[in-house]
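K.L.:
I'd like to go over a predicted model; first the sequence, then the structure.
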Amino acid sequence: MKWLQRALGLPVADGSENWNRNGDDVRGVGDEHPFHQLDRAVWSERTSRLNPRPSSVVRYLKPNDRLGIDANILDDALRSGETVIIDLSDLRHVETQRGALRKRIGDSASRIGRPAFRIDPEGCLLVVPGRGVRVDQKRHVLGTAMWQDSESEKESLPI
């Protein structure tokens, strides 16, 4: 261990070779200051609770036969961190219903703290990014290369 301390530029203690090779016990650390092994499952479980993993689940929703989206399904998907894609193309002829659903989706997403984006210019395809998903609004419009005009910048704004 002395070579490692020298390589890192740390001071070399006199009894530094008395460490246990398994790392279970460190000389100079008593019961009042326990040594925590950060590779144990307990620490891995604690850090995974603090930093939840990104969700790779994508849920696709369409309006039902009554021209609505079940709010419970939408809210559960958003709370669980799923990326939700909503297809309102069946409602092209019913602009008021499409606007009401767009507002409901935007409100549900903002309650959880996520933006909702339009994918197409008509506003028929909407996406709410999941947990850990980032949307680059400056260089891309949801994955499509953005043209250098002011109208494409408006398309990348949340609904």
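P.N.:
Looks like it came in fine.
K.L.:
domain ranges for the chain?
P.N.:
Following automatic domain parsing, the chain resolves into domains at 2-50, 58-155.
K.L.:
and these, which one's lowest on average pLDDT?
P.N.:
Among the domains of the chain, domain 2-50 carries the lowest mean pLDDT, a mean of 63.
K.L.:
Just the strands from the chain, written as ranges.
P.N.:
58-61, 83-87, 117-118, 125-128, 140-141, 144-145 (DSSP state E).
K.L.:
Of the ones you listed, which stretch is the most buried?
P.N.:
Scoring the strands of the chain by mean neighbour count under mean count of other Cβ atoms under 10 Å gives strand 125-128 as the most buried, with a mean of 22. Yep, even glycine has a C-beta here, placed from its N, CA and C like the rest.
K.L.:
can you pull the contacts of residue 6?
P.N.:
Each residue near residue 6 by Cβ atoms under 8 Å, 6 or more residues apart in numbering is listed here: residue 12.
K.L.:
How much space separates it from residue 12?
P.N.:
Distance, residue 6 to residue 12, by Cβ to Cβ, to the nearest Å: 6 Å.
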